[in-house]
Every structure is written in C-alpha cells, then in structure tokens.
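Peer 1: Fold the following for me, if possible:
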Amino acid sequence: MILNLIYESMPQLLKSSILTIHLTCISLIIGACLALPLALGRLSKNRWVAGFSFAYVYYFRGTPLLVQIFLIYYGLPQIGLTLDAYTSALLSLSLNTAAYTAEIIRGGIQAVAAGEIESAHAMGLNRAQVLRRIILPQMIGFALPAYGNEIILQIKATSLASTITLMDLTGMARTLAAETYAPLEIFCAAGIIYLVMVFSTSKLVTWMERRSTVYRC
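Peer 2: Numbers count the residues shown, from 1 in each chain. From the prediction side, this is the model:
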C-alpha cells in the first residue's frame with residue numbers, strides 16, 4: 001500500500017519539482033549577480049559602501065527566510081506594492097542567497113595570497129585587471145566548496161515557497177497529502193525527489209572542485 005501510493009504520486013511530484021528547480025536556478029543566478037558587488041562592498045575602504053553591504057548581509061543572514069517571504073508577499077501590499085506568489089518567492093530567495101553568497105565570495109577573495117596581488121600591481125596591472133585576471137579565477141576555486149553547500153541549502157529553502165500557495169514540490173506534496181490522507185507516503189516520495197536533486201548537485205560540485213584544483217595546479 002505504501003509503495004503503491006509513493007509510485008502513484010511520483011508523476012505529479014516530479015512535474016511540480018520543475019518549479020523547484022526553476023526557483024533554485026534563477027534565484028542562484030540573481031543572487032550571484034548581487035553577491036559580487038556586495039562582497040566587494042564589504043571589502044571597500046569607503047565606510048558608506050562597506051556599511052550598506054554589512055547592513056544588507058547582516059539583515060538577510062540574521063532573519064529567517066520565511067519572515068522575509070512573508071514581508072514581501074504580505075507586507076508590501078500595505079504600502080501599495082503587490083507581487084504575485086512566484087515573484088515574491090523568487091525575490092525573497094534571491095535576496096537571501098545573495099547575502100550568504102557575498103560572504104562566501106568575500107572569504108574566497110581574502111584567501112588569495114596578498115603577494116600575488118602585489119606582484120600583479122608591480123607588473124603594471126590596474127585594479128580592475130587584477131580583479132579579473134588574478135583574484136576572481138582563484139576566488140572561484142576557494143569559494144566553490146562553500147558555495148556548493150549554499151546551492152544545496154537553496155534547493156531545500158525553496159520548499160518555503162509553498163507557504164504562499166506556490167505549487168512547488170513541497171506544495172504539491174501538501175496538496176496530495178490532504179487529498180489522500182496519507183502524509184507519510186506522500187512526503188516520503190517528496191523526500192526521495194529532494195534527495196536525488198541534492199545528490200546530483202553534490203556530485204556536480206565535487207566534479208567542479210576537482211576541475212578547479214587541476215586549474216590552480
């Protein structure tokens with residue numbers, strides 16, 4: 001009986017997992033685009049820039065993602081800005097992962113040997129060239145293990161989108177559980193799909209880490 005319900009629920013759960021993957025990928029891309037300037041801002045000598053970056057990172061890392069989702073979805077309409085559930089979830093996930101990714105990038109930048117940076121400046125490279133040719137290529141290798149963990153956390157964080165009616169993997173599982181009165185079987189099936197996504201991501205990140213190590217050598 002349990003196996004039958006798991007098997008029967010799989011098609012609908014797999015279909016809904018497309019939204020989970022979509023939210024994960026798009027939010028990670030937007031978050032990465034925001035994270036680089038934030039990380040550079042954290043390292044800036046300008047106190048206003050550094051202060052803003054610090055405040056952003058501190059807020060989004062210091063408050064629960066669920067609260068951030070509710071603030072955007074339920075709070076913004078009170079000031080005249082109404083966003084649909086998908087946009088609210090995507091915005092919340094993107095802003096949240098940007099804060100964590102910024103700290104990962106900052107750590108990767110600080111891991112680059114100061115002597116290499118000084119040598120690059122001595123060779124006549126300007127700050128932008130040093131960043132592009134020396135710092136960023138090495139930073140990627142240093143930051144990749146931690147960023148792999150962030151990707152996995154982001155996959156699981158998308159489940160919170162179901163709290164604002166989005167029918168992602170968790171949202172569909174909740175609906176099916178309510179219809180079938182079999183939460184054990186349905187959520188076991190959903191858990192299997194999450195495990196497959198996380199396992200696949202882990203293998204991909206491990207492969208990228210090996211390639212990065214070879215490149216640095």
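Peer 1: buried ones in stretch 94-109?
Peer 2: Judged by neighbour count (16 or more other CB atoms under 10 Å), stretch 94-109 contains these buried residues: 94-106, 108-109. All C-beta spots, glycine's among them, are computed from the backbone N, C-alpha and C.
Peer 1: Those residues in helices, which ones?
Peer 2: Secondary structure from DSSP state H places 94-106, 108-109 of the buried residues of stretch 94-109 in helices.
Peer 1: Out of those residues, which comes closest to Arg47?
Peer 2: Proximity of those to Arg47 was ranked by CB to CB; the top entry is Arg106 with 16.6 Å.
Peer 1: mind checking how far the nearest residue to the closest one once chain neighbours are set aside is from Ser27?
Peer 2: Nearest non-adjacent residue to Arg106, counting by CB to CB, 6 or more residues apart in numbering: Ala39, 4.3 Å away. Taking CB to CB, to the nearest Å as the criterion, Ala39 is separated from Ser27 by 17 Å.
Peer 1: mind checking how far the longest helix anywhere in the chain is from the chain centre?
Peer 2: Selection of the longest helix in the chain by residue count, based on DSSP H, yields helix 2-42. Helix 2-42 sits 9 Å away from the centroid of its parent chain (CA atoms, centre = their mean, to the nearest Å).
Peer 1: Mind giving me the packing neighbours of it?
Peer 2: With contacts defined as 3 or more CB pairs under 8 Å, 6 or more residues apart in numbering; DSSP states H and E, helix 2-42 has these neighbours: helix 47-62, helix 85-110, helix 136-157, helix 169-180, helix 183-216.
Peer 1: Sounds good, over and out.
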